[in-house]
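Peer 1: A structural model of the following input is requested.
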Amino acid sequence: MSMTAAPFVIGLRQLPYYDSLQTPEALASWFQQRLEEGLCEFDHSDFEKAQEGLLGQAIRQLPASQVRQLQFDMSAGVIPARRNDDRFGAKYYDTRPEYLDEVVNRALKQLGLEQLNTFMLMRPDPLMDVEATGRALDTIVESGRARRIGVANFLPAQWRHLQAAMQTPLACQQMEMSIARSQMLFDGMWDSMRRDNMAGLAGSPLWGGRIFENQLGQMLKTMADTHQVSPAGVALAWLHTIPGQPRAVVGTLRPARLQALAHDAGLTLSRPEWFALLEAVRAYRVP
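Peer 2: Okay, the predicted model is just below:
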């Protein structure tokens, strides 16, 4: 788990689309506000390495005491087609030790941080040399460059194969998880994670905003009015109610929305409420 129990993780993928945050001064002020609200954990990806210069300039404007509070999770291992300069131009996976070392070293230097909170492999790689990758991940932790190692979108057999090649315990798995994407609660995936002591990070917890549509959206609003929280707060409470409490990775960077979600954190739904939301999105009842 994180050093500080932030109620959710803030994903930084949408940063380029926020014109108001495109200067180091503005972004530094934004980070300071989030830290004051107890929101200290941020999700970054090698996909967005172009943002690291701006992020680093902003972080370097923060007092050392606030920099120490920042917890950056980072995922890597997927090379988008736009960064593949060979003649085939394919999107591909890369979990080679030299690539992972390069990503971690570059990110720490660019961001101006001494350590990542979590370093994650973004996808299982069918060409992974598990023994070599496992040793590389162990070395990243042993050298102090990351506190812990995680994975994303792995199946149990895949993470257990990797874990068998490592000394460092895999700490977490990130995957798409929401009221609308709950199959892992019924197919054994979530149980496997809990059995293996892996925390869950729920990506796309609001399903890109689509959960606020149709019957599910109406029910979220009704429950929000009952509990005096926002509909998004109810959606995150649905996750929070699950044993093991997966932590949402939210995509918005808007201060007002983040403040509202922080205010709503801690709400736990009753069993009838939890299943009512599940039924609303499925359009059928549990057996």
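
Peer 1: need the helices for the stretch 101-250 of the chain, in chain order.
Peer 2: For the stretch 101-250 of the chain, helices defined by DSSP state H, counting those that start in this stretch occupy the ranges 130-142, 156-163, 189-195, 214-227, 231-240.

Peer 1: which of those helices is buried the deepest?
Peer 2: helix 231-240 (a mean of 23; mean count of other Cβ atoms under 10 Å). For glycine as for every other residue, the C-beta is placed from the backbone atoms N, C-alpha and C.

Peer 1: what's the angle from it to helix 214-227?
Peer 2: 90 degrees (axes from the mean of the first three to the mean of the last three Cα atoms, to 10 degrees).

Peer 1: just use 22 as the starting number from now, easier for me
Peer 2: Noted, 22 is the first residue going forward, which turns the last one into helix 252-261.

Peer 1: then helix 252-261 to PDB, C-alphas only?
Peer 2: What follows is helix 252-261, C-alpha atoms only, in PDB (Å, rounded to 0.1, in the frame of the first residue of the first chain):
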ATOM      1  CA  PRO A 252     -22.900  10.700  -8.500                       C
ATOM      2  CA  ALA A 253     -19.200  10.100  -9.200                       C
ATOM      3  CA  GLY A 254     -18.700   9.800  -5.400                       C
ATOM      4  CA  VAL A 255     -21.300   7.000  -5.400                       C
ATOM      5  CA  ALA A 256     -19.500   5.300  -8.300                       C
ATOM      6  CA  LEU A 257     -16.200   5.300  -6.400                       C
ATOM      7  CA  ALA A 258     -18.000   4.200  -3.200                       C
ATOM      8  CA  TRP A 259     -19.200   1.100  -5.200                       C
ATOM      9  CA  LEU A 260     -15.500   0.200  -5.600                       C
ATOM     10  CA  HIS A 261     -14.700   1.100  -2.000                       C
END
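
Peer 1: which helix or strand contains F52?
Peer 2: Assignment of secondary structure by DSSP states H and E places F52 within helix 45-57.

Peer 1: which elements pack onto the following helix or strand past that helix?
Peer 2: Elements were assigned by DSSP H and E; along the chain past helix 45-57, the next helix or strand is strand 62-66. Where contact means 3 or more Cβ pairs under 8 Å, 6 or more residues apart in numbering; DSSP states H and E, strand 62-66 is packed against strand 30-32, strand 92-97.

Peer 1: could you dump those strands to TSV with mean pLDDT and distance to R117?
Peer 2: Conversion of the helices and strands packed on strand 62-66 to TSV gives the following (pLDDT from 0 to 100; distance: least, Cβ to Cβ, whole Å):
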stretch	mean pLDDT	distance to R117
strand 30-32	98	26
strand 92-97	98	11
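
Peer 1: possible to save those strands as CSV with distance to E135 and mean neighbour count?
Peer 2: Shown next, in CSV, are the helices and strands packed on strand 62-66 (distance: least, Cβ to Cβ, whole Å; neighbours: other Cβ atoms under 10 Å):
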stretch, distance to E135, mean neighbour count
strand 30-32, 20, 23
strand 92-97, 11, 24
